[in-house]
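> Build me a model:
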Amino acid sequence: MTSLNQPVSSYAPQLLSHQTGLSVAVSTANTFYNIGTAISIPRNGIVKVSIIGYVSSANSDGFIGFSITRGSNTYSSNSGSPIATFSNGTSNFIILANNDFAFEIAVLSGDSLQITASENTAGITVYITDLVVVLQ
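Coordinates of the predicted model:
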């Protein structure tokens, strides 16, 4: 019988960023703005991003996206559908499409990850109360 090898310790989960109390005022509807600070990726792997937040108006929808800078190129999720939509109706929590509160992205060493936010109404503020990024 062959035994399974233990995972290489350098690929153990690593907390890359924990940001709280973030906000961005959306001056143009459906335009994505950077929120929080960019996160440097130290090695190849998969980042899991967990976000909890809300918007300042009960009658509007907030959107979360991201961009990855790899070398001199920037790739953005904002050109298509947002990865998350949330409102300030009955819950302040962001519900992501297939996995409540979290999404995963394959990354390479040297990448820079930036979370972005938008609103469907101008003049609304998007708040992220808790952002956690873990590299696996």
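> ok, now how distant is residue 22 from residue 106?
For residue 22, the distance to residue 106 equals 24 Å [CB to CB, to the nearest Å]. All C-beta atoms are positioned from the backbone trio N, CA, C, and that covers glycine.
> Tell me which of those two has more neighbours.
Between residue 22 and residue 106, counted using other CB atoms under 10 Å, the more crowded position is residue 22 (18 against 10).
> Identify the residue spatially nearest to that one, adjacent ones excluded.
Counting by CB to CB, 6 or more residues apart in numbering, residue 128 is the residue found nearest to residue 22 once chain neighbours are left out, at 4.1 Å.
> The helix or strand containing the one you found pairs with which strands, and in what direction?
Using DSSP states H and E, residue 128 sits in strand 124-135. Strand pairing for strand 124-135, using DSSP bridges, gives strand 14-26 (antiparallel), strand 45-55 (antiparallel).
> Could you list the low-confidence segments of this protein?
1-10, 58, 78-101 (pLDDT under 70).
> Give me the residue at the spatial middle of it.
Central residue of the chain (CA atoms, centre = their mean): residue 115, 4.6 Å from the mean position.
> quick one: that residue from residue 45, how far?
When distance is defined by CB to CB, residue 115 is 18 Å away from residue 45.
> With residue 12 instead?
10 Å.
> Looking at the two now, which is surrounded by more residues?
residue 45 (20 against 9).
> can you tell me which residues contact the more buried one?
By CB atoms under 8 Å, 6 or more residues apart in numbering, residue 45 lies in contact with 11, 106-107, 135-136.
> Name whatever forms a beta bridge with it.
residue 107.
> Skipping adjacent residues, who's closest to residue 60 in space?
For residue 60, the spatially nearest residue (CB to CB, 6+ apart) is residue 121, at 4.2 Å.
> returning to that earlier point: nearest to residue 36, out of the strands paired with strand 124-135?
Within the strands paired with strand 124-135, the stretch nearest residue 36 is strand 14-26; the backing value is 4.6 Å (CB to CB).
> Next secondary structure after that closest one?
Next in sequence after strand 14-26, counting helices and strands by DSSP H and E, comes strand 33-34.
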